Structure formats: structure tokens, C-alpha cells
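# Sequence isn't available, so here's the structure alone:
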């Protein structure tokens with residue numbers, strides 16, 4: 001399927017399992033560079049390794065998005081690593 005998203009960038013929270021992971025799989029398969037997070041760094045590392053096989057740039061780290069300050073810092077860091085979001 002070609003959704004015309006190649007070269008775009010996306011931020012996906014809760015992206016190591018379930019619906020978030022399915023979204024990350026689809027977007028990276030479409031050529032979208034993504035920033036991902038969950039509360040568990042090991043799960044983020046595993047997801048990055050697997051999603052990177054699609055050829056997209058995948059960055060991420062553990063983040064509790066319920067913590068506003070931590071989330072804002074994470075967004076800033078991911079924006080730098082992806083070259084903008």
C-alpha cells in the first residue's frame with residue numbers, strides 16, 4: 001500500500017505494543033521516520049531494532065507521557081534526533 005507518506009516524520013507514544021506498535025509498523029513500512037516511546041527502555045530498544053529493518057529512521061527512549069515536563073523534554077530531544085518534527 002502506498003499512502004504517499006514517504007519522507008514524513010511522526011511521533012508515536014505507547015509504540016512498543018498493541019495499536020501504537022501497529023501504527024509504527026505501518027508508518028515505517030511507508031517510509032516515515034518515527035520517534036517512539038514507552039515507559040520501558042528495553043521494549044523501546046527492541047522496537048527500534050525491529051522497526052529500523054523497514055529502512056526508516058527510528059529514534060526513541062523511555063518516557064512517561066503523563067509527566068508533562070518529561071514529555072516536553074522527550075519531544076525536544078526527538079525533534080533534534082529526527083531533524084525536526
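Yes, it's here. Bear in mind the structure is a predicted one, so any value in this text is a computation, not a measurement.
# for this protein, what spans make up the helices?
Using DSSP state H, the helices of the chain run over 18-29, 41-52, 68-82.
# Pipe the ones you listed into CSV and attach mean pLDDT per row.
Putting these into CSV (pLDDT from 0 to 100) gives the following:
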stretch, mean pLDDT
helix 18-29, 97
helix 41-52, 97
helix 68-82, 96
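# Could you provide those helices in CSV, with additional columns for mean neighbour count?
C-betas here are computed from N, CA, C, even on glycine. Shown next, in CSV, are those (neighbours: other Cβ atoms under 10 Å):
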stretch, mean neighbour count
helix 18-29, 17
helix 41-52, 16
helix 68-82, 14
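# For residue 85, give me its contacts.
9-11, 35, 75, 78-79 (Cβ atoms under 8 Å, 6 or more residues apart in numbering).
# Grab the nearest non-local neighbour of it.
The shortest distance from residue 85 to any non-neighbouring residue, by Cβ to Cβ, 6 or more residues apart in numbering, is to residue 79 (4.6 Å).
# Next, work out how far apart the one you found and residue 35 are.
As judged by Cβ to Cβ, to the nearest Å, residue 79 and residue 35 stand 8 Å apart.
# what does residue 85 give?
7 Å.
# Next, show the common contact partners of these two.
Overlap of the contact sets of residue 85 and residue 35 (by Cβ under 8 Å, 6+ apart) consists of 9-11, 78-79.
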